[in-house]
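Visitor: kindly generate the corresponding structure for this input.
(chains A and B)
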There are 2 protein chains.
Amino acid sequence: MALTTELPQRVPADGLPHRVTIYEVGPRDGLQNESGIVPVEVKAEFVERLADAGLTTLETTSFVHPKWVPQLADAADLLERVERRAGVDYPVLVPNERGLDRALQAGVEHVAIFASATETFAGKNLNRTLDEQFGMFEPVVTRARAEGLRVRGYVSMAFGDPWEGAVDPAQVAGVGRRLVEMGCGQLSLGDTIGTGTAGHVDAVIDACVAAGVGVDTLAVHFHDTYGQALANTLAALRRGVTTVDASAGGLGGCPYAESATGNLATEDLVWMLDGLGIAHGADLAKLVDTSAWMAAALGRPSPSRVVRALSG
Amino acid sequence: MALTTELPQRVPADGLPHRVTIYEVGPRDGLQNESGIVPVEVKAEFVERLADAGLTTLETTSFVHPKWVPQLADAADLLERVERRAGVDYPVLVPNERGLDRALQAGVEHVAIFASATETFAGKNLNRTLDEQFGMFEPVVTRARAEGLRVRGYVSMAFGDPWEGAVDPAQVAGVGRRLVEMGCGQLSLGDTIGTGTAGHVDAVIDACVAAGVGVDTLAVHFHDTYGQALANTLAALRRGVTTVDASAGGLGGCPYAESATGNLATEDLVWMLDGLGIAHGADLAKLVDTSAWMAAALGRPSPSRVVRALSG
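Guide: Sure thing, here's the model as predicted:
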C-alpha cells in the first residue's frame, strides 16, 4: 500500500532524546548468522548502500577466526573494497589479539569486543570463566587504545541466558563497569536471546548507572525473538540512552525458524523515530530499497515489518 | 529453543497498571481477513481453546452481511456451537440493525459497532459521511442498550488514513465522544493501517480525555504493519489504558504479503505483560499451542514472534 509522506504522523513524546545514533550491525551481526556465504562484492555493495542511506555507524565485519564464523572469512577483503567515507564510522568486531592485529592491518579506527554477562556463556563462547574473560580482553583493549582506536564492549546475555535463565542486573552492571574501566568507551547491552521486557530494560540501565557507568556510555542491542525489541528500545530511550543497535531488514535470523527475526530491524526503528520526531539522519526509502535488494540476494523475505509493508 | 520458566524475568516498571484485560479479536478480526474460509468446527474449537487458555473476552464473530465478509457467514452457527462459559465475554460485531437482530437472536450480551475517524473511510466503508455515520449507528446502539446489551465502539483509522494521510487527534476524540454519548461503554482506538507511533498514541489518548472520555473507557487496537504495535501498547499502558486488543498468533495478515502481520499478537503482548508483572489471566503455553494449531490449519506460519520461537 502506498502511503502519503504524511505518515507516520510526527508526534513527539515527552521525555525522549532529540537525536539518536543508529549503530548498524547488519553487515556483521546480520550476515554472520546467515547459513549461506554472501559474496564479498554483495557485502561491499550492502555497506555502501547503507552509507548512501545516511547511516553513519556501520559495524562492517568481524576478525573472528574463519573456522568459527566462515561467513565473515572475507573481513580484510571486504574492508579493502569498502570506500571509507568521512563522517562514517566502520567499527569491526575483534575476538582477541590476533583479530586486533588483522584489524590494525586493515586500518580500522574502531573495534568492538564481545564479552559475556554470564558464567555459562563465557564458558561456552570464550572458554573462560566470567572473571577470566577480562584477562583475555585486557591486552586487546589496552593495545587498541594505545593505537588510538575507540573500543566498544558488548555485554551479551544481559537480559537472560538460555542455560542459566535469569541474570542479575547488578552482575551485568559489574561486567560493564570492568569493561569501561579497561578502556571501553561504549557498552552495548545485548539481549542476545531476546527475552527481556521493558521494565527489565529500565532495571539493567539503572544498575549500570548505579555502578558508575554514565547513560551516555550505553547502547542497547535487542533481538526481536519474542517481539519485544522495539518496545524495549522505547523504554531505553525514556531512560536517556541515545545509541541503538539495529540491523537493516532485521537480518540475523535464528537458524531454527525460517524468517524468524534476529536483530531489531533498522527500518522499524526508523519508522518509530520518524514518528517521534527524533533525528537520526537515515533515509527510510533508501533503507527499504537496500533491505529488499538484500532479501532478494539472500533468497528469503525480510523479517522487517516496514520492509515488507513498503516493498511489497 | 526451550527456555527456563524464569524467562522472561519479571521486572515491573513504574507507572503501569497492575492488571490488563486482553480483548481477543482473533476469531473475528483475524479470521475475517483470511483469504480462505475456515470451517465452522475449526472456529468453534479455536474459541474454546482460547477460553481454555484463560482469555475472558473473545470477540467471536461478526453479523456483517455474508456478501461483504463471506469468511464470517457462519456467525449464527458458530455461536450455537460455542459453549458460552460463565466469566467469559463473547462480544460480536454488528454493522447495522439487521446485524443486531441476528445477534439478539443468537443471545449475545455484548456487541461492537465499527465507526470511522475519517471522512474518506466513512465513505468507503459505510457509504456515509463522517457525520452521517452517527445517524446509522444511533438506532443500533439505542436498541442494543434497551435490550440490556453492552456496546463497544471501534474508532477505526484513528492514527492515520491510507487516503487522507494524517488524522487530527481532536477529530478522533470528537468521534469517540459522540459514540460514548450515544451509549458505547468502551471505545477501541484503532490503528487500522498500523502507521502510528508512541507519541501519537499519547496524543490521541490525551485528546480523548480532554474531550471528556475517561481513560478507563478506552481500549487500544494496534495493527503491526510497521512493527509498532507492542511499543504503542506500552505507551498506552503508561497513559493508563487497561484494555488491549490482540489477536492470537497475530492473525489478520494483510493480503499483499504472505505472513505479514495484522493485529498485535496476543502471545507477544502476554510475553511483555508477564515480564512487566502485569496480571492478565492467560496461559502463554496454551496460547502458543492454540496458535500453532491454527497456523497449521491455515497452512501458513504464525506472524507472532513468540509463537515462532516457542513452537519451532
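
Visitor: quick check: A:A106 touching A:A75?
Guide: Yes: using C-beta atoms under 8 Å, A:A106 makes contact with A:A75 at a distance of 7.4 Å. Glycine gets a C-beta too; all of them are placed from N, C-alpha and C.

Visitor: so what sits against both of those two?
Guide: A:63, A:92 (C-beta atoms under 8 Å, 6 or more residues apart in numbering or on different chains).

Visitor: now A:A115: which helix or strand?
Guide: strand A:110-116 (DSSP states H and E).

Visitor: run through who's touching that strand.
Guide: The contact list for strand A:110-116, computed with C-beta under 8 Å, 6+ apart, reads A:59, A:89-95, A:100, A:103, A:122, A:125-126, A:130, A:133-134, A:137, A:140-141, A:144, A:149-157, A:175, A:179, A:184, A:188.

Visitor: tell me the contacts of A:P66?
Guide: Taking C-beta under 8 Å, 6+ apart, one finds A:72-73 in contact with A:P66.

Visitor: an error on my part: the question was meant for A:A198.
Guide: Neighbouring residues of A:A198 by C-beta under 8 Å, 6+ apart: A:228, A:231-232, A:234-235, B:13, B:234, B:272, B:275-276.

Visitor: next one: phi and psi at it?
Guide: Torsion angles at A:A198 (phi, psi; degrees, to the nearest 10) stand at phi -60, psi -40.

Visitor: nearest residue to it in space, please, no chain neighbours.
Guide: Nearest non-adjacent residue to A:A198, counting by C-beta to C-beta, 6 or more residues apart in numbering or on different chains: A:A235, 3.9 Å away.

Visitor: surely the one you found is in a strand?
Guide: No: counting by DSSP: H, G, I helix; E, B strand; the rest coil, one finds A:A235 to be helix, located in no strand.

Visitor: pretty sure it is touching A:V201, no?
Guide: Yes: at 4.3 Å, A:A235 counts as touching A:V201 under the criterion of C-beta under 8 Å.

Visitor: of these two, who's got more company?
Guide: Using other C-beta atoms under 10 Å in any protein chain shown as the criterion, A:A235 and A:V201 rank with A:V201 on top: 31 against 24.

Visitor: ranges for the strands of chain A?
Guide: A:21-24, A:57-58, A:61-62, A:92-93, A:110-116, A:150-156, A:186-191, A:218-222, A:243-246 (DSSP state E).

Visitor: and the residue of the stretch 101-250 of chain A nearest chain B?
Guide: Nearest residue of the stretch 101-250 of chain A to chain B, counting by C-beta to the nearest C-beta: A:T197, 2.6 Å away.

Visitor: just give me the neighbour total for the residue nearest to that residue when sequence neighbours are not counted.
Guide: Nearest residue to A:T197, sequence neighbours excluded (C-beta to C-beta, 6+ apart): B:G275, at 2.6 Å. For B:G275, the count of nearby residues is 28 (other C-beta under 10 Å).

Visitor: go on, A:L264?
Guide: 31.

Visitor: need phi/psi at it.
Guide: phi -50, psi 130.

Visitor: which ones are touching it?
Guide: A:222-224, A:229-230, A:233, A:244-247, A:250.

Visitor: same for chain B: which of those are within range?
Guide: Here is what survives when the contacts of A:L264 are matched to chain B using C-beta under 8 Å from any C-beta of the partner chain: A:224, A:230, A:233.

Visitor: between the residues you listed, which sits nearest A:R28?
Guide: Nearest to A:R28, judged by C-beta to C-beta, of the ones next to chain B among the contacts of A:L264 is A:D224 at 17.1 Å.
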